[in-house]
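In: I need the structure of the sequence given here:
(one chain, ligands or ions: 1)
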Amino acid sequence: MEPKTRRVAVAGRPGGPEVIETVTEDLPPLGPGQVLVRVAATGLNHADSLIRGGDYVVTMPFPLAVGVEAAGTVIATGEGVAAEVGARVCGTGWLGSCADHVVVPEERLVPIPDGLGFEEAASVAHAGAAAGALLRVWPLDGARAVVWGAAGAVGRLLVTWLSRKGAEVIGVAGGSRVAIPRDLGAKHVIDRDAGDVAAAVRAVTGGRGADVIFDPVAGETFRTSLAMLAPRGCLINYGQLTGPVGAEFGELFKAGGVFVTKFNAGAYVDGYADVAALIREALELAVAQPGVAGPIAGRFPLDRAADAFRALESGARGKVLVVPGPEES
Ligand SMILES: NC(=O)c1ccc[n+]([C@@H]2O[C@H](COP(=O)([O-])OP(=O)(O)OC[C@H]3O[C@@H](n4cnc5c(N)ncnc54)[C@H](OP(=O)(O)O)[C@@H]3O)[C@@H](O)[C@H]2O)c1
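Out: Next comes the predicted model:
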């Protein structure tokens, strides 16, 4: 039977994980084009934490129902919806997805292909949309492309996709995690714990440097990235795992007239149908190539959503999921 209420993780005010509480709220009747999804797994993302912190470039009103990514089953549909009850779906842009049920516009649903479970789909959807859009930023055919965080969620997709598109991929990861980009097709891997990453990139590119660098780290890696770019190369920053960058224009001159962009996914996609197509392609990659979906670092029940975010924000390696569980669904 269709539920009248849902359990959802809500941040009452901007702040750390301590502002998150799991509450019960009414589910309004579905409007035209809306779908009710019973959530099997919610994927947590660094953007959730940045938005909840309240001082990010993307802002949302509080109280804020947290989460944007999930996978689950369609259990009810509004007027004019073609999706069928029982369909297995996933996606991103599902606002308030850290819940046992979420109402989603139909255009934001992506079918989960056979061969992929809910947890894998909830690990790939958001990263897949980002990685797919990132591939549109700079010419890639034959490019020497560095991927920082190559063992992370977006990084694994970038390594796999770039390798298949004919780029020469140089994957950077910490310690034994270099095995992950190597298995996904990177031509070279660099252990960032083992020494000078810029020198290592220069060494594998015959001294020239990289044509393009994908960097989710920002603060700690920015100058290393400048030091390993080829003349007129491009640094694409798409996250700030170690805080923002403070830089002078003149540094770009000294690095060889290089380009630096702060990636905005919205500037590279044409509406949700396009986002859904990117996610579909990423899910197919995850079916075809073991290791794309990556390990699960932790599963937390919905009532412990705050602990799930603590795990994410303390540097979990692998996807952190909130799993509402049968008693709550
Ligand atoms: N639309 C978008 O713009 C969009 C969408 C999705 C994600 N993002 C951003 O992309 C970034 C990555 O997201 P994700 O989900 O892939 O995260 P993730 O799975 O946690 O991976 C991040 C990776 O970065 C590496 N790393 C961490 N600190 C580092 C440091 N100081 N120096 C170098 N490498 C470091 C870690 O690997 P090693 O320790 O192995 O190096 C880690 O695996 C986040 O900043 C997120 O906000 C943006």
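
In: Excluding chain neighbours, what is closest to the most centrally placed residue in the chain?
Out: Centroid-nearest residue in the chain: residue 127, 2.9 Å away (criterion: CA atoms, centre = their mean). The spatially closest residue to residue 127, leaving aside those adjacent along the chain, is residue 153, at 4.0 Å (CB to CB, 6 or more residues apart in numbering). C-beta here means a position set from N, CA and C on the backbone, and glycine is covered the same way.

In: Next, the contact list for that neighbour, please.
Out: Residue 153 is in contact with 123-124, 126-127, 294, 319, counting by CB atoms under 8 Å, 6 or more residues apart in numbering.

In: for the ligand, what are the nearby residues on the stretch 201-329 of the chain?
Out: Contacts of the stretch 201-329 of the chain with the ligand, taken as CB under 6 Å from any ligand atom, map to 216-217, 220-221, 238-242, 263, 265, 317.

In: Domain-wise, how is this structure divided?
Out: The chain breaks down by automatic domain parsing into domains covering 5-129+269-322, 138-262.

In: can you put these in JSON lines and add mean pLDDT?
Out: Below are these laid out as JSON lines (pLDDT from 0 to 100):
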{"stretch": "domain 5-129+269-322", "mean pLDDT": "97"}
{"stretch": "domain 138-262", "mean pLDDT": "96"}
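
In: Which stretches in the stretch 51-200 of the chain count as strands?
Out: According to DSSP state E, counting those that start in this stretch, the stretch 51-200 of the chain carries its strands in the segments 64-65, 69-77, 88-91, 101-105, 110-111, 144-147, 168-173, 188-191.

In: To residue 36, which of those strands lies closest?
Out: strand 69-77 (4.1 Å; CB to CB).

In: partners of the closest one, with directions?
Out: Paired strands of strand 69-77, with direction, are strand 34-43 (antiparallel), strand 88-91 (antiparallel) (DSSP bridges).

In: Which of those strands sits closest to the ligand?
Out: strand 34-43 (8.7 Å; CB to the nearest ligand atom).

In: quick one: is the closest one near the ligand?
Out: No: against the ligand, strand 34-43 shows no contacts by CB under 6 Å from any ligand atom, the least distance being 8.7 Å.

In: State the distance from the residue nearest to residue 204 when sequence neighbours are not counted to residue 246.
Out: Of all residues not flanking residue 204 in the chain, residue 188 sits nearest, at 4.5 Å (CB to CB, 6+ apart). From residue 188 across to residue 246, the span is 30 Å (CB to CB, to the nearest Å).

In: more neighbours, those two?
Out: Neighbours were counted for residue 188 and for residue 246 using other CB atoms under 10 Å; residue 188 has more, 19 against 7.

In: do you know how far that one is from the ligand?
Out: 15 Å (CB to the nearest ligand atom, to the nearest Å).

In: May I ask which two of the contacts of residue 153 are separated the most?
Out: Greatest spatial distance among the contacts of residue 153 (CB to CB): 126 and 294, at 12.7 Å.

In: how about the helices in this protein?
Out: Taking DSSP state H as the test, the helices found in the chain are 46-53, 118-134, 153-164, 179-183, 197-204, 222-227, 250-254, 271-288, 305-313.
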